[in-house]
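> structure, please.
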Amino acid sequence: MAKIIGIDLGTTNSEAAYMEGGTPRIIPSAEGSAYGGKMFPSVVAFTKDGILVGEPAKRQAVLNPDRTVMQIKRKMGTDYKVRIDGKDYTPQEISAMILRKIKTDAEAFLGQPVNQAVITVPAYFNDNQRQATKDAGKIAGLDVLRLVNEPTAAALAYGLDKKGEGKIAVLDLGGGTFDVTLMEMGEGVFEVIATSGDTQLGGMDMDNTIIQWLASEFRAEHGVDISSDKQAMQRLRDAGEKAKIELTSATETTINLPFIAQKSGQPVHLEKKVTRAKLEQLIEPVLNRLDTPIRQAFKDAGWQYRDVNHVILVGGPTRMPAVQSRFEKILGRPAERTVDPMQCVALGAAIQAAVLSGEVKDILLLDVTPLSLGVETKGGIFTKLIERNTTIPTRKSEIFTTAADGQTSVEVHVLQGERAMAGDNVSLGRFYLTGIPPAPAGIPKIEVTFDIDANGILNVSAKDMATGKTEKLTIVAPQRMDKGKIDSAVRDAESHAEEDRRRREFVELRNHADQLVYATEKLLKEHGSAISEGTRKAVEEKLEAVRRVLTTDDISVLRAAIEALNQEAQKIGVEMYGKGGPAETPPPGAGDSGGSSDPGVVDADFEDVDKK
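Numbers count the residues shown, from 1 in each chain. From the prediction side, this is the model:
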């Protein structure tokens, strides 16, 4: 059976995992396989040679900042566009490139096609953001079987289902988002009680404070403002992020960036010592923003901080001592330490994938909707049908009526949020129910039904109780991609995949050519005296031909040159064996008129040698 993989599609980095022998395991990126890393940087770069994704894209960001896309997750579910070479790309399309990279590397690692996945999302993602994530998966060629809230996936990875009953607080601070999820567990059932968060709060906000401080210090010291220099700011971002990570274990580090700017025609360098104390001072405003979502989640659940049995930390920034001490100070207890906070979400997604495939049993996830859902009613009021933190899947109906005499149609405006007025909440979509029999205001009865599936995605219907006429809507908000655009994006992604395949084939062929040239040169150097002058010159000519086309863009020309060199180089072996090898000792039977040319005799000779 084909594997269903779990994917943590992150703001800064993404990870993937699969289940093997009842244990979730991380799938390394292709670059990670070579260098010991596991993550897929959530970075996409548009270069003259094509589109790069992951580590290759991140490595070239400094020299190509205008055509490198980072942190696109923060734009999911919005109408934001990335414009490159006159073409607009939606957040879904950029995310799909990351997911396709994960899919391709997973297939190479597992040795089988990967067509299905469970993808995690921040618990506080709204319907637009969730549907955008599913659309990204579809564009990437993945059937997204389930969207799982990241904190819920983390709880699975920590194996808390094996620790008896209890209350769990999951604090998920990633690169771009912060989620708080409170859940109860017992007998293999995880029930989410409340969730809260901030989709614009994460490690990148800490990075931004470091970058701003470095730029300010550099300006004060050298009188040079580099804030508008995109390459310099990208170098600052990379250095600031690296310093933040180093100060997790060290108490001091030095940022060294030579030739970062010019002043009066002379190069200027940045060298700055940063202590952990200074870092913690800089990020204090960011840490202060962690308190509100935590308080809100506990208020919604009706819990006290002392009620919690287990605290789980998720995300790279939770490794920082300042973050850990802040959480411990708030909740009054230390966090669990058994799983890497960077990997637990992907591992949990793999466990959920195994639940769906039947590989893992006796685990049930009961998630909640993060925000209230409802409709706009007379006067611009937001009338809620489903309150936030309602367990999903769920279905709720309510009867509405007309606001004017003789009204024959109604507009159903679907909203998500917590504000009293419709205009202050997120609009998910609109549709009309027409053909209502004319009647005085307040007489018609219209049943509006909200149906949320296990992914937290909403379907809405409106039914006129007199005629039975019904209109339905799977939410298609302005930020969503319609089917035609998704299909077009799928075709575009597939064409890029073919480009990627050809580019990879070309690189591999060039590497093969390099190896062949090296091996042939070595053979000529070591055994040139054992072959004829004519053969040596012919091989050298073919060698030179391969060298000339190593940088060609025509794969057929390179392949033909390699094949010609292979054919010519084989003559070296023929002559060497014909002369008895380097020692010029004739092989047994050579020149013996009584010898047989029957291949069976040669086979017999080889068998005898093997038996000795």
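
> where exactly do the helices run in the stretch 101-250 of the chain?
Applying DSSP state H, counting those that start in this stretch to the stretch 101-250 of the chain gives helices spanning 127-139, 150-157, 203-222, 230-246.

> which stretch in those helices is the model least sure about?
Note on these: helix 150-157 shows the lowest mean pLDDT, a mean of 85.

> what's that one packed up against?
Helices and strands touching helix 150-157, by 3 or more Cβ pairs under 8 Å, 6 or more residues apart in numbering; DSSP states H and E, are strand 4-8, strand 116-121, strand 166-173, strand 178-186, strand 189-198, strand 310-314, helix 344-357, strand 364-368. Backbone N, C-alpha and C define where each C-beta goes, glycine included.

> could you dump those into TSV with mean neighbour count, distance to residue 290 and mean pLDDT added?
Output for the helices and strands packed on helix 150-157, formatted as TSV (neighbours: other Cβ atoms under 10 Å; distance: least, Cβ to Cβ, whole Å; pLDDT from 0 to 100):
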stretch	mean neighbour count	distance to residue 290	mean pLDDT
strand 4-8	29	21	96
strand 116-121	26	20	95
strand 166-173	25	7	91
strand 178-186	24	6	87
strand 189-198	22	9	85
strand 310-314	23	12	90
helix 344-357	27	18	90
strand 364-368	20	21	69
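
> turn those into TSV, columns for distance to residue 508.
Output for these, formatted as TSV (distance: least, Cβ to Cβ, whole Å):
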stretch	distance to residue 508
strand 4-8	25
strand 116-121	27
strand 166-173	39
strand 178-186	42
strand 189-198	44
strand 310-314	38
helix 344-357	28
strand 364-368	42
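
> out of these, which comes closest to residue 258?
strand 166-173 (33.1 Å; Cβ to Cβ).

> give the partner strands of the closest one in its sheet and their orientations.
Taking DSSP bridges as the criterion, strand 166-173 forms sheet pairs with strand 178-186 (antiparallel), strand 310-314 (parallel).

> go through the helices and strands packed on helix 150-157 and name the closest to residue 74.
strand 189-198 (11.2 Å).

> show me the contact partners of that closest one.
Strand 189-198 has contacts (Cβ atoms under 8 Å, 6 or more residues apart in numbering) with 122-124, 149, 151-152, 155-156, 160-161, 172, 177-185, 289, 292-294, 296-298, 300-301, 303, 363-368, 370, 388-389, 391.

> please apply the same query to stretch 394-410.
369, 375, 377-378, 385-386, 432-452, 462, 465.

> now restrict those to buried residues only.
The neighbour-count criterion (16 or more other Cβ atoms under 10 Å) marks 369, 375, 385-386, 433, 436, 439, 444, 446, 448-452, 462 among those as buried.

> could you identify the most distant pair in these?
Applying Cβ to Cβ across those, the maximum distance is between 369 and 439, 34.2 Å.

> I figured residue 3 hits residue 117, correct?
No - between residue 3 and residue 117 there is no contact under Cβ atoms under 8 Å: 9.5 Å.

> report the set of residues contacting both of those two.
residue 353.

> ranking the helices of the stretch 101-250 of the chain by burial, who's on top?
The highest average neighbour count among the helices of the stretch 101-250 of the chain, using mean count of other Cβ atoms under 10 Å, belongs to helix 150-157 at a mean of 28.

> what does that helix rub up against?
6, 8, 24, 120-123, 168, 170, 172, 174, 179-181, 183, 185, 190, 192, 195, 312, 314, 339, 341, 343-349, 351-352, 363, 365, 367.

> mind showing which ranges of this structure have poor pLDDT?
For the chain, applying pLDDT under 70 flags the ranges 1, 32-37, 160-164, 188, 362, 364-366, 455, 474-501, 503-504, 579-612.
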